[in-house]
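> coordinates for the following, if possible.
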Amino acid sequence: MRKKIVAGNWKMNLTLAQGEQLINDILQAGLKLAEGQEVVVATPFPYLTKAKAMLKNYPGFYVAAQNSASEKSGAYTGEVSAEMLQSIGVDYVILGHSERREYFNETNAILAKKVDQALAFGVKPIFCCGEPLAIREAGTQNEYVAKQLEESIFHLSAEEFKKIVIAYEPIWAIGTGLTASSAQAQDMHAFIRSQVAAKYGNEIALHTSILYGGSAKPGNAAELFACPDVDGGLIGGASLVAADFVSIIQKLA
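Numbering: from 1, shown residues only. Have a look, this model is predicted:
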């Protein structure tokens with residue numbers, strides 16, 4: 001059985017006090033996660049230890065960093081290494097988010113190094129992939145996403161790959177006013193799973209969690225999560241509102 005995961009990406013939002021309040025509000029909803037279900041909270045770096053402490057007695061709740069470095073250590077001012085994340089007990093790290101690719105020029109090659117570092121220190125990558133509008137309009141989205149997978153995570157051994165979670169971001173439908181339908185999401189998730197199967201075999205493909213990283217909200221989460229190859233969501237704005245995030249988590253069932 002593959003894990004069903006809802007991950008909330010806070011991005012660069014909230015003060016520590018606001019973040020604490022948000023986590024408290026989520027926990028006070030009294031969510032009962034089924035076996036194989038996980039909730040991941042991806043806070044800014046300064047809040048990771050606090051979030052970890054707040055969630056430690058709640059089974060199925062985990063913390064994630066939003067990025068980590070491609071190098072182990074050294075003269076890289078402002079960077080945070082996977083080893084540092086391991087040292088404070090961080091469970092997951094988001095790598096290759098579309099905003100990191102666009103604003104910080106993260107290439108597939110750089111992301112391959114980041115993935116290697118995370119795995120070397122026992123931090124599980126949530127690897128993001130997805131296509132921009134021009135690629136979707138050209139109808140070459142499958143080739144584009146396949147290249148991202150090939151160049152950033154398909155160098156891994158089968159044992160290493162089992163620790164990867166994939167998040168598909170339809171970049172063309174995020175903040176553009178365009179909407180990716182549940183059918184479009186399912187089509188791409190099924191394609192990604194077929195690529196994993198071709199590389200690592202059906203067994204590993206069936207156990208790989210593939211999250212939807214588009215604009216999932218309480219109103220469309222149930223329909224998205226009902227798709228056979230959608231195993232949860234990487235949630236942005238809706239994860240900053242406790243009631244919305246709780247409602248999305250409840251749709252996993």
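> go ahead and confirm residue 180 touches residue 173.
Yes: Residue 180 lies in contact with residue 173 (Cβ atoms under 8 Å); the separation is 4.1 Å. Every residue, glycine included, has its C-beta placed from N, CA and C.
> and whatever helix or strand residue 189 lives in, what other elements does it pack with?
Element membership of residue 189 [criterion: DSSP states H and E] is helix 182-200. Where contact means 3 or more Cβ pairs under 8 Å, 6 or more residues apart in numbering; DSSP states H and E, helix 182-200 is packed against helix 141-152, helix 158-161, strand 165-168, helix 202-206, strand 210-212, helix 221-225.
> so which of the ones you listed comes closest to residue 97?
Proximity to residue 97 (Cβ to Cβ) singles out strand 165-168 among the helices and strands packed on helix 182-200, at 8.2 Å.
> chain center to stretch 107-126: distance?
Its chain's average C-alpha position is 13 Å from that of stretch 107-126, according to Cα atoms, centre = their mean, to the nearest Å.
> which parts of that stretch are buried?
108, 110-112, 114-119, 121, 123-126 (16 or more other Cβ atoms under 10 Å).
> of those residues, closest to residue 51?
Residue 51 lies nearest to residue 123 out of the buried residues of stretch 107-126, by Cβ to Cβ, at 14.8 Å.
> I figured that closest one hits residue 87, correct?
No: with contact defined as Cβ under 8 Å, residue 123 does not count as touching residue 87 (10.4 Å).
> need the overlap of contacts for residue 180 and residue 173.
Applying Cβ atoms under 8 Å, 6 or more residues apart in numbering, one finds that residue 180 and residue 173 are jointly contacted by residue 214.
> ok, those two, which is more surrounded?
Neighbours per residue, other Cβ atoms under 10 Å: of residue 180 and residue 173, the larger number sits with residue 180, 24 against 19.
> what pLDDT is listed against residue 178?
pLDDT recorded at residue 178 is 75.
> tally of neighbours for it?
A count of neighbours around residue 178, defined by other Cβ under 10 Å, yields 12.
> now it, nearest residue through space, not along the chain?
Distances taken as Cβ to Cβ, 6 or more residues apart in numbering put residue 172 closest to residue 178, at 6.1 Å, once the chain neighbours are dropped.
> for that neighbour, which three-state class applies?
Assigned with DSSP: H, G, I helix; E, B strand; the rest coil, residue 172 falls in the helix class.
> contact partners for residue 36?
Contacts for residue 36 (Cβ under 8 Å, 6+ apart) come out as 1-4.
> no no, residue 11
Neighbour list for residue 11: 66, 99, 236 [criterion: Cβ under 8 Å, 6+ apart].
> I figured residue 182 hits residue 222, correct?
No: Residue 182 lies out of contact with residue 222 (Cβ under 8 Å); the separation is 9.7 Å.
> report the two of the buried residues of stretch 107-126 separated the most.
Farthest apart among the buried residues of stretch 107-126 - using Cβ to Cβ - are 108 and 121, which lie 21.2 Å from each other.
> and residue 253, what pLDDT?
69.
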